[in-house]
Each structure stands twice: as C-alpha cells, then as structure tokens.
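[1] Could you work out the structure for the sequence below:
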Amino acid sequence: MSTTAGAIVREEQSLDAVVRPQSIAIIGCSRRRGTIGYQIVDNLLVHGYTGALHLINPNVPVVHSIPTKASVLDVEGPVDLAIITVPKELVLEVARECGEKGVRAMVVITAGFKEIGPAGAERERALRDVALRYGMRLVGPNCLGVLNTDPAVSMNATFAPVMPPPGPVSFMSQSGAMGVTILDYAAEYGIGINQFVSVGNKADISGNDLIEYWAADPATRVILMYLENFGNPKKFARIAREVTRSKPIIAVKSGRTASGARAASSHTGALAGMDSATDALLAQYGVIRVDTVEELFDLAMAFSLLPLPEGDRVAIVTNAGGPGIIIADACEATGLRVTELSAETQRALRTYLPEEASVRNPVDMIASATASDYRRALIEVLQDESVDGAIAAFVPPLGVSQRDVAAAIVEARRAVPGKPILAVLMGREGLPQGRAELKDVGVPAYIFPESAARALAAMVRYSRWVHRPAGNVVEYEMDDDTIARIIDTQRTAGGGYLSSDDARTVLRAAGIPVVEARLAITAEEAVAAATTLGLPVVLKVVSPDVVHKTDVGGVELDLRTTDDVRAAFDRIIERVRAARPAAEVEGVMVEQYVRGGRETIIGLSTDPSFGAVLMFGLGGIYVEALRDVVFRVQPLTDIDAHEMTHQIRGAKLLGGIRGEPPVDREAIADVIQRVSWLVGKHPDIEELDINPFVVFESGGTAVDARIRIASR
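    Numbering: from 1, shown residues only. Below you'll find the predicted structure:
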C-alpha cells in the first residue's frame, strides 16, 4: 500500500506488513559488532529472510557486504516494513521519510520515549501522529523487534541472539528484556514459535491487535503474552472472550501488588486491589494466568502438543513410589482427580508386572520396570474409560535407558492418540534426546513432577471453559428515576457516602430485598421504632465518619424489650463519642433482627483501569480477616454470577453441612447481577457494600449497606 499525506488509508485489520513483510528496510544498520543495527541485519541474513532487504545508513557505503542507501526514499521499489534503530533525536525525521516513501509499517527499536518521562512522552505522541498521518502501523518504540519462523518468511528482525524452532505458538511481550529470555527458553525447551512481537511502549500496535490477528491465523494454535499493563481492558475482555473459545491464551501478568490503589474505606474497595481486578478479568474471559515464565512454558508445551482432556481424571504410571506420591499430591492440589482404575485394567496390569508392583493408581511398576512395561501400562490405563489423561514418570535405574522409555511413551501416545500423556523424565542423562523424541510425537516432557501436574490441570480448566455456556447479561427493571435523583443530589453535595436511608432506598429501587429499619434521633424514638418494627431489634450507629461500626461499639444485637432498646441507645452514643469525639453522629438505626441464615457480602468498587469490579464472599465481621472473596469485572453474565457463589473457599458452608439445609444460591446470584446492572446504568456509584446479605434456605435480605457516589 502506497500512501501520501493527502490520501491516507490505514490498515486496521491486517498486520501482514509487520509479521509477513515482502521487503524490509533497516534504518540505522551498522557494521560494528555488538550494536543493535548490526545484530538485526545479521539475524535476518543468517536465518535466511526470504524477502528483499534494504540497508539504510548515510555514513557508510556497505554493511554486511550489502550496499547501503542514504535514505529510505532512495530505495527502488516498495518497502513493507522499516526497522528503525537510529538515535531517538532522529526517529521522527526517519518516520516522516518512511511515510513519504509509502512504508506500510514501522518497528521502532529505539528507546528514549515515554518510558523516560514527559519529554519522551511528547516525542512518542509526535511519532504516533506521524504514523497516523501516513497510515503506517507502528510497533514500539522501545522494543526488541519481530520474528516469524514460517519458512516462507524466515524473519528474525530482533536483536535476540537465538532463533526458536518453528511451531504453533505466537508470543507477545511487553518487555524487550523479557523477550530475550522468552526466546532463549523457547529454543532450550524446543517450543515451536510461529510469530513473536515485542510491543514495547505500545504507541500503536498492542496486545489486543495481536490477539485479533492471531485468532485468524491458522498457523497459531496457542497465544502467549507477557503483560505489564492493560491499555484497554474492556477491549481486551471483548476480544479474549471470543478468542479463548477456540485458542488458549496464556499470560504472565507482572505487577501483583496493588500499585496505584487508593485508600478505600469500603470492604470491597479495601480488598479489590489492581491485581484482584486483573485476576477477575483474565479468569472471567478464559485467559490462563501464570506467575512465572517457567510456568508459562510448562503450559505452552502441553497446550501446543496435546489434545484437550475430556475430564479431570488422571492416571499416574511410574517406576518409583516417591515420584508417584509427589505427582498424586500435586494433582490433588491442582484440582485433578487421581482416579480409581477399573478392576479389568488392574487385572491386565497384574499379568506382567511383578508381585511387588502396585496396580492401583498411581501404578508403581517398581525399579525393575522395562521400557516395554511402560508402553503396555500406559496403553492399558489410557484405554480405561475412567481415565482422561496420564502422567508417566521415570527415574533412571541401572540398565534402563531414558531414551528407550521415551520411545515406549511415544508408542503409547500413538496407540491411544485421543488422550493427553505428559512425561516426567527425572534423570538428566539422556534428557535432551528423550525430550526431543517425545516432543516430535506430541508428548511434553518435564524435569519436575509438579510441572506436569500443573500443566495438565490448566488444560482441564481450559477445556471446561471451552465447553462452558457463554451466559447472558440479564436486564432488570429498576426504579431508575428514584436512583438517579438520590445520586444527583449526593453528587451536587460533593459526592461521598449516601445516608443509610438513601442507601436502602437505592437497593429497594434496584429490586434488592432490604430489612425494615427506622432512624432514631433519641432513645424514645428508638423505642417507638422498635415497637413499630416488632421486637427483637438491632441498633446501629449512623455516622458518615464511622465505617466499621463494631470497632467503636456502635452495634447492639438481639434487643428483646423496650428497656433493652432504651439502654442500648444510650450505650451506643456514649461509646461512639468516647471512641470518635469528632465524629458526626446522626442517630441510631433500629432494624428488625434477622435470625439464622448465612452472612455473605456483595459489593463493588471502581478500578481506574477496569471499571466496576464486583465482589462476593463470606460476610459479616469476618470478611477482611478471612478474605474469602472472589471478583468479577462488570458486566456479569448469569453464569459468572452463579460461578462466584461456588468459587469461594467456604462454598461448602453455602451448600449445607452437618444436616443444615443449603442456602438459596439463586437469590445470591440474582443480587450480584442486580448490582452489576445497577452500576452499569448508574456509573456514578463508586463503591457499594451489602454486608451482610443474609441468605436463607429460600431468599435473602440485605441487612446493612454503604454506597459511595462520585463527586462532580
């Protein structure tokens, strides 16, 4: 595509010019070894780039025995991609020349842009403006480069010292340094890379663009990402939800600390740091998050080689008891089931394994096991209808070759191709050859048992995601006029927390059941309210300056007589004034006393990047102590809401234990979805806590609530 400033057409849909260019110009190439401009040219030549290569350097006539041009404008014929390595002060001028030439895309390796501060940020904005003006796509600046192992392209336009083997994995890295490490790992582990893009500062092309491109690329089966931040989380969510239905996305997301998090006074705000929002976003849209680059490649090996398991039932075959126990523990810890083998399978194993062997699961064939034993045992367990996948572990004893065992595992893989097999080769001798032989037939090999269990467990979770219904966002009829009036009044007053009465009114207007309550200014009013509501009652202090009422003695429970109510009112006022002399006390809320049920918390807080983040967990006074909560990013589907009720650690408490009936999870899911719909319609709600939402065998009710409104 040739463009001028007067006729701009921008390629939004295709990144072919970046990863499949037919011609490349290296602007800033060098004849000095050890420089980026030298290394990129060397990589392109050594690895046999199939397109036309143009070298641009006005100061030297020849680089790598190739004549140079003084400017990209001097190149005869079209240029698809410009790799720019000139000093930062020259980048804008070079970019303009690329635009005049009609270059379709630029990869700016040069650093010194927004990563160094305001001056660099302004330089980066100017660079992006040039790219937009001329319709060029832009990778970087401050990046490692791009790579494509397809033999039809064979392009290593990076300054990394290695070229990974070809394969089905495409990789995006936001860090150039991490990109070098990642390519080293890929070469060492034999993981086949299809395309690699280091996006750097993401002035134009981002991870979202690459996911969309790779989703349509038949040569890409697995997408890996190293992320430091999200440029557009909502767009990422929309894309990921669709792509992960057909291709796994595995991501390392750095920055687990709650950097940039503000001090939040609500429970939800206090618990929902930035990393909680990241976890919620990735889990909600099927992206597999890992903590380390090592784990990233453990999973990449499995996903790129194996069929997805149909279930979580795993068989373990080993020649040593210790590794079998370790793998079994790791499987259980990651959610896999070490299944009971059928009686028929156990009888078949017993026909050739020694008496000392265990034919239960794990199958411990003991140290005398031969390569033939491995082949036969793996075929037997994989043909068992109660097994969805297998892990084969080998510790090399005397007289048995690791390569022979690897060949036996290969034969089992070919005999039963529909179920995944993972290998754990725990001896170093022969490991590279054994691993290579296994990889060629589609069996990932690991050194440590935990790695294999973790990879298989991730595949099981992803398989469930693929088969999980997409769900629907339920629309609710609400009294939006009442809600808007209360919110607008609070915003006009400068924002902040609604009064208890207004918070309850908002919940009722949203269709959320709320316990009956009356505000009392005096002890006699409290008695009158209690009489109207019916004893027993609960008294709670009402103060905009008191968040956690129990901390200041601001709550009295199960008051059964009017004398109890009168005395409790006085005690609350006295304790609160002693604990918080400067606090404004508006009165005491008299509430119906709710007996029984399970206390839960339903809330939301607003993340500056992700928007509204919803929370569910066990509530009451234990929410911050136990931190047994899960998060999702708004908007939620009905499936999301129901999953939340099952994903807290204390989910069994909701299901009923020791003869107690289960609580109404439908009621919880309904309120979660109503809160999601509420904040979607009224985004000025910054924080909301319903704590506790007491749920019963049938139905539930909000007992206390806090809602904070944004200021104008």
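
[2] And the residue nearest the centre of this protein?
    Leu282 (2.8 Å; C-alpha atoms, centre = their mean).

[3] Does that one touch Thr244 like I think?
    No - the criterion here is C-beta atoms under 8 Å, and Leu282 misses it with Thr244 at 9.8 Å. (C-beta placed from N, C-alpha, C; glycine too.)

[4] Using the three-state scheme, assign the residue nearest to the centre of the chain.
    Following DSSP: H, G, I helix; E, B strand; the rest coil, Leu282 is assigned to helix.

[5] Who are the contact partners of it?
    Contact analysis of Leu282 by C-beta atoms under 8 Å, 6 or more residues apart in numbering lists 240, 251, 253, 288-289.

[6] So which of these sit within strands?
    With strands taken from DSSP state E, the overlap with the contacts of Leu282 comprises 251, 253, 288-289.

[7] tell me which of those is nearest to Ser543?
    Lys253 (39.7 Å; C-beta to C-beta).

[8] Can you tell me, leaving aside adjacent residues, what's nearest to the closest one?
    Nearest residue to Lys253, sequence neighbours excluded (C-beta to C-beta, 6 or more residues apart in numbering): Leu227, at 4.7 Å.

[9] Then Ala52?
    Ser23 (4.0 Å).

[10] any weak-confidence spans in the protein?
    With pLDDT under 70 as the threshold, the chain has low-confidence stretches at 1-13, 255-274, 398, 427-436, 621-622, 624.

[11] Let me know the outermost residue of it.
    Asp563 (55.2 Å).

[12] Tell me which residues touch the residue lying closest to Val474 once chain neighbours are set aside, please.
    Excluding its sequence neighbours, the residue lying closest to Val474 (C-beta to C-beta, 6+ apart) is Gln673, at 5.2 Å. Residues in contact with Gln673 (C-beta under 8 Å, 6+ apart) are 474, 476, 636, 638, 641.

[13] How much space separates the fourth one from Arg337?
    In this structure, Asp638 and Arg337 are separated by 28 Å, where distance is defined by C-beta to C-beta, to the nearest Å.

[14] if we can go back for a sec, and which of the contacts of Leu282 is nearest Leu55?
    For those, the nearest to Leu55 is Ala251 (36.4 Å; C-beta to C-beta).

[15] Tell me how many other residues surround that closest one.
    19 (other C-beta atoms under 10 Å).

[16] From what I see, it and Phe230 are in contact.
    No - Ala251 is beyond contact range of Phe230, at 10.5 Å (criterion: C-beta under 8 Å).

[17] Between the two, which contacts overlap?
    By C-beta under 8 Å, 6+ apart, no residue touches both Ala251 and Phe230.

[18] how's this protein carved up into domains?
    Listed by automatic domain parsing, the domain ranges of the chain are 16-228, 297-467, 471-515+595-712, 518-593.

[19] end-to-end on the third one?
    Start and end residues of domain 471-515+595-712 are separated by 35 Å (C-alpha to C-alpha, to the nearest Å).

[20] what do you get for the shortest one?
    This stretch, domain 518-593, spans 13 Å end to end (C-alpha to C-alpha).

[21] OK, contacts around Ala126?
    With C-beta under 8 Å, 6+ apart, Ala126 has these contacts: Leu92.

[22] which parts of the helix or strand where it lies are buried?
    Assigned by DSSP states H and E, Ala126 belongs to helix 118-134. Residues of helix 118-134 classed as buried by neighbour count (16 or more other C-beta atoms under 10 Å): 120, 123-124, 127-128, 130-131, 134.

[23] The next helix or strand after that helix - contacts with which helices or strands?
    Going down the chain from helix 118-134, the next helix or strand is strand 137-139, by DSSP H and E. On a contact count with 3 or more C-beta pairs under 8 Å, 6 or more residues apart in numbering; DSSP states H and E, strand 137-139 meets helix 16-19, strand 105-108, helix 118-134.

[24] Perfect, I'm done here.
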